[in-house]
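*Asks:* Sequence and predicted structure below; questions after.
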Amino acid sequence: MILGSLLSDLSAYYSDNFGYLMRLFFDHLLMSIYGVLFAAIVGIPLGILIARYGKLSGTVITLANIIQTVPALAMLAILMLGMGLGQNTVIFTVFLYALLPILKNTYSGIKSVDPNITDAGKAMGMTRNQVLRMIELPLSLSVIIGGLRIALVVAIGVVAIGSFIGAPTLSDIIIRGTNATDGTVFIIAGALPIALIAVIIDIALRIIERKLDPTVSDNDAPEDVQSVN
Amino acid sequence: MKRLSKLLLVVVASLTILSGCTLPGLSGSDKDSIKITALATSESQIMSHMVRLMIEHETDGKLKPTLINNLGSSTIQHNAIENGDAQISGVRYTGTDLTGALGDDPVKDPKEALELTQKGFEERFDTKFFDSYGFANSYSFMVTRDTAEKYDLTTISDLEEYKDDLRLGVDSSWMNRKGDGYPGFIEEYGFRFDSVSPMQIGLVYDALNAESIDVALGYTTDGRIAAYDLVVLEDDRQFFPPYDASPLATNALLETHPEVERALDKLVGKVSTETMQQLNYRADGEGIEPAVVAEEFLEEHNYFDEEGEK
């Protein structure tokens, strides 16, 4: 009975506010994607670099780890002092949180490439860049995409907090719900699309991840794997 | 190594360029765009969206301001404008800003309070505190229509006669508040109620409607006043300070974009307390988002185009 009226309230809410909701939905999604995109621009080359020059890896990954331990709300508040209110601060916060998963996955992806294969490449006369482009990157691509997937899901959660510093996100609706006397509908109406974005991104990137993994293919029979070993 | 440093240079350069420009799809990330602050209340968000839509309409979409939403208090709004994070406030209240941002003593006369606030903001912060939208969101005593007719109540002083029979429900923070709280009320009006129940402010309207209390102290623009047909009693001794609502904008913005001033001027005096009650009820009671409520209202009134040529 209660569930039924809640569902009808929800559908009424969505039909009344569809346009506004879509704008928040895309703002939320775009802020997450931009933050992760910048993190990828920095994180992937950095990951390759520290995989190549092992000495740097400890320092860089520790640094990224430290950033990760700061609570997101505190990070937003600190950055707000320097960068002011609004979307750019949120994007930069997302960038900081997305850095670690991307960096670490790129690093371990490249590290996990069988050295025999890279040696074979070198023996064929490949330059360092060719080894990177033709052997290391393709073989570690699925792991790198896995890092992006984790980063994006983290990003959606971080962006949700961005409402507190004035960025338009889907949490606006949730906050309205917590202020209203009877705000259950608002809270659920705002939380559902956030969860939806996270699930869609997770599934989509998981599929891409699997497609790009050269070690897993659809017609791979188990006996083939055994014969390789 | 040379190639690597070159690559690094490209990465750094592209990142700097990217962070400097507007990100496609995100309207608000542009440094030059106009920003409007709004509080976490429906009222503030409705009015801020109205200001945004009016400016868009007035400039035929050339200026597209964005909202900085959910700010905690008027002080944060004030700081956001002082720091240059925003240029316009959707709603500012004379009572709040006179004692808050300006740090002056409260003034009971609404006109004087507005004049003092306007002068103070002009001189000290180089911002324009506009004339009121036409509504005030202050504390006020209210009763149901039945109670009002039964006891023939129109002003707060009328309550004195029935102070032992009527049960009062108030905001819990009001009980011990200095100045315009309960102790001050007793002093000014000279009587106290026999039964007073402090509660969360959002509950008083429903408690009144359910007849758990007979008199409530609530906010004058709450949507439930209209929905439950409550009668607001006149503050005949002007005990509560005025909280007239106005938009605010920096003079720097008004000089570069005079059309913003035209747009804001058109809203002055257009939203009465009763209208605001209805708009608030649309948002809180009927679950329509403030942005949609504001757009509906402006479309209904044709963006107030009939007065003053565009």
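*Replies:* Noted; the coordinates are in hand. Residues are numbered from 1 along each chain as shown, chains lettered A, B, ... in the order given.
*Asks:* What's the first helix or strand after the host helix or strand of residue B:48?
*Replies:* Using DSSP states H and E, residue B:48 falls within helix B:42-58. Downstream of helix B:42-58, the next assigned helix or strand under DSSP H and E is strand B:66-71.
*Asks:* wait, does that next one contact chain A?
*Replies:* Yes: using Cβ under 8 Å from any Cβ of the partner chain, strand B:66-71 comes into contact with chain A via B:66-71. (Each C-beta comes from the backbone N, C-alpha and C, glycine too.)
*Asks:* can you redo those residues as CSV with distance to residue A:175 and neighbour count?
*Replies:* Output for those, formatted as CSV (distance: Cβ to Cβ, whole Å; neighbours: other Cβ atoms under 10 Å in any protein chain shown):
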residue, distance to residue A:175, neighbour count
B:66, 17, 22
B:67, 13, 26
B:68, 13, 27
B:69, 8, 28
B:70, 5, 26
B:71, 11, 23
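*Asks:* Near chain B, which residues of chain A? Just list them.
*Replies:* A:9, A:12-13, A:16-17, A:19-21, A:26-27, A:30-31, A:34, A:38, A:41-42, A:45, A:49, A:84-88, A:91, A:129, A:163-164, A:166-168, A:172-173, A:175-176, A:179-181, A:185-186.
*Asks:* Give the burial count for the residue of chain A found nearest chain B, as a bare number.
*Replies:* Chain A approaches chain B most closely through residue A:166 (3.3 Å), counting by Cβ to the nearest Cβ. If you count neighbours by other Cβ atoms under 10 Å in any protein chain shown, residue A:166 ends up with 29.
*Asks:* Identify the residues contacting it.
*Replies:* Shown in contact with residue A:166 (Cβ atoms under 8 Å, 6 or more residues apart in numbering or on different chains): A:85-86, B:37, B:67-71, B:80, B:85.
*Asks:* Ok, residue B:264 next?
*Replies:* B:51, B:54-55, B:88, B:130, B:247, B:249.
*Asks:* any chance you could map the strands in the stretch 151-300 of chain B?
*Replies:* Ranges of strands in the stretch 151-300 of chain B, per DSSP state E, counting those that start in this stretch, are B:167-171, B:195-199, B:215-219, B:230-232, B:245-250.
*Asks:* nope, the stretch 1-150 of chain B is what I was after
*Replies:* In the stretch 1-150 of chain B, the strands defined using DSSP E, counting those that start in this stretch lie at B:35-39, B:66-71, B:88-93, B:127-129, B:139-144.
*Asks:* Single out the most deeply packed of the ones you listed.
*Replies:* Comparing these by mean neighbour count (mean count of other Cβ atoms under 10 Å in any protein chain shown), strand B:88-93 ranks first with a mean of 28.
*Asks:* Any idea how far it is from the middle of the chain?
*Replies:* Distance of strand B:88-93 from the chain centroid (Cα atoms, centre = their mean, to the nearest Å) equals 6 Å.
*Asks:* Poorly predicted segments of chain B, please.
*Replies:* Along chain B, the model assigns pLDDT under 70 to residues B:1-4, B:7-8, B:10-32, B:306-310.
*Asks:* Quickly list what the residue of it found nearest chain A is bridged to.
*Replies:* Relative to chain A, the nearest point of chain B is residue B:68 (3.3 Å; Cβ to the nearest Cβ). Under DSSP bridges, the beta-bridge partners of residue B:68 are residue B:37.
*Asks:* just to revisit the earlier point, got the buried residues for the helix holding residue B:48?
*Replies:* The neighbour-count check on helix B:42-58 (16 or more other Cβ atoms under 10 Å in any protein chain shown) flags B:42-58 as buried.
*Asks:* what does stretch A:79-93 give?
*Replies:* Within stretch A:79-93, the residues that count as buried by 16+ other Cβ under 10 Å are A:79-80, A:83-93.
*Asks:* and that stretch, how far apart are its ends?
*Replies:* End-to-end distance of stretch A:79-93: 8 Å, with Cα to Cα, to the nearest Å as the criterion.
*Asks:* Over to stretch B:95-108?
*Replies:* Using Cα to Cα, the two ends of stretch B:95-108 sit 9 Å apart.
*Asks:* What residues of it count as buried?
*Replies:* Applying 16+ other Cβ under 10 Å to stretch B:95-108 flags B:95-102, B:107 as buried.
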